[in-house]
Each structure stands twice: as C-alpha cells, then as structure tokens.
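Enquirer: just need the structure, nothing else, for what follows:
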Amino acid sequence: MNCAIVAQSKLAKIEMDAYVMESMAYVTAGILDSVVHPDAAVESAIVKVHTNCEFLLCTLITCVPFCYCICVWIKQSLHVMYRVSK
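Expert: This is a model prediction of the structure:
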C-alpha cells in the first residue's frame, strides 16, 4: 500500500478522534455550566476514560505505525535519489 495513502488515513483517524474528544468535553462542560447544582460525575468519568483510551490507542496503534511508514518513505526516497545521482 502506498505510504501517502496510509499517512492520509492515519491523520484522518487522529483528526476524527480529536474532534470526538473535544465534542464530548464541550457537551459535558455545557451540562456543568447550565445547571445550578450539576451532577455530571458519570459524564465526566466517561469523558476522562474515553479520552485516555483514545490517546493511548492513537499513540500506540496509529502514531507509531505512521512514524514507521514515514521513515520507510524517507528511506525509499533517499534510496531513489541516491540511485538517480549515480
């Protein structure tokens, strides 16, 4: 598979996850701001757990292979440039 396509899909996944986490935090903050005596402990816990899990998944599953793919692409590009310059 082409590294550019893999990189684009990985970045799209990271961006989507960041949007979801931001939206969850925004809605929970809205609940906390709109009620006089808010009881949003469950909602806050859900946001914290989901955000931590997504961060770990992003770091371990998405970002590490993405960095590997970029390194492979750079290595291939340098190899091609080296062969062309000979």
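Enquirer: the protein: strands as residue ranges?
Expert: Read by DSSP state E, the chain holds no strands at all.
Enquirer: quick one, phi psi at residue 38?
Expert: With angles defined as degrees, to the nearest 10, residue 38 sits at phi -70, psi 140.
Enquirer: once you drop chain neighbours, what's closest to it?
Expert: Take residue 38 and drop its neighbours on the chain: the residue closest to it by Cβ to Cβ, 6 or more residues apart in numbering is residue 32, 4.7 Å away. Where you see a C-beta, it was placed from the backbone N, CA and C, and this is true even at glycine.
Enquirer: got the contact list for residue 50?
Expert: Residue 50 is in contact with 21, 24, counting by Cβ atoms under 8 Å, 6 or more residues apart in numbering.
Enquirer: related to what we said a few turns ago, for burial, what's the neighbour tally of the residue nearest to residue 38?
Expert: By other Cβ atoms under 10 Å, 13 other residues sit near residue 32.
Enquirer: low-confidence ranges in this protein?
Expert: Along the chain, segments meeting pLDDT under 70 span 1, 3, 62-67, 69-70, 73, 78-86.
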